[in-house]
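**Student:** following is a predicted model, sequence given first.
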Amino acid sequence: MTDTATAGRALPHPEREQIRLESVLHALSDPMRLQIVRELALREAELTCSQFDLPVTKSTSTHHFRVLRESGVIRQVYRGTAKMNGLRRDDLDGLFPGLLDSLLTAADRQSGRLRADG
């Protein structure tokens, strides 16, 4: 980071070559984390943690974002006081072509099916 004020607040992320399929699948196996990724993919933009409407406590939300970041699914960076979250689509598509789109499509189908049943 170039800004010394935020350099101490840099969050650890795996390098592209360190991202493992098992970690990505584990991160996306949780419904809350999958919801976060679906929202990021839909918006195609960075979002702050507070922009997600998750039915969990702040500490649980923080845990979910950390799992996604440490698995390489999202990138978190501080911009001022806001922690911005962005989907690492380029890295995931480069390492596992079609995986993210397939999972998002399957999640959308499942969501539609569950709404129809309920």
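**Tutor:** Nice, thanks for sending it over. Numbers count the residues shown, from 1 in each chain.
**Student:** show me which helix or strand of the protein is least confident by mean pLDDT.
**Tutor:** Lowest on mean pLDDT, DSSP states H and E among the helices and strands of the chain sits helix 4-7, with a mean of 46.
**Student:** now the next helix or strand after that helix: average pLDDT?
**Tutor:** For helix 4-7, the following helix or strand on the C-terminal side (DSSP states H and E) is helix 21-28. Averaged across helix 21-28, pLDDT comes to 97.
**Student:** what angle separates the helix or strand just after helix 21-28 from helix 21-28?
**Tutor:** Using DSSP H and E, the helix or strand that follows helix 21-28 in sequence is helix 31-43. Angle of helix 31-43 versus helix 21-28, following axes from the mean of the first three to the mean of the last three CA atoms, to 10 degrees, is 90 degrees.
**Student:** and helix 31-43, what other elements does it pack with?
**Tutor:** When contacts are defined as 3 or more CB pairs under 8 Å, 6 or more residues apart in numbering; DSSP states H and E, helix 31-43 packs onto helix 21-28, helix 58-71, strand 74-79, strand 82-87, helix 99-117. Backbone N, C-alpha and C define where each C-beta goes, glycine included.
**Student:** so how far is Gly94 from the residue nearest the centre of the chain?
**Tutor:** In the chain, the residue lying closest to the centroid (CA atoms, centre = their mean) is Ile74, at 4.0 Å. Distance, Ile74 to Gly94, by CB to CB, to the nearest Å: 16 Å.
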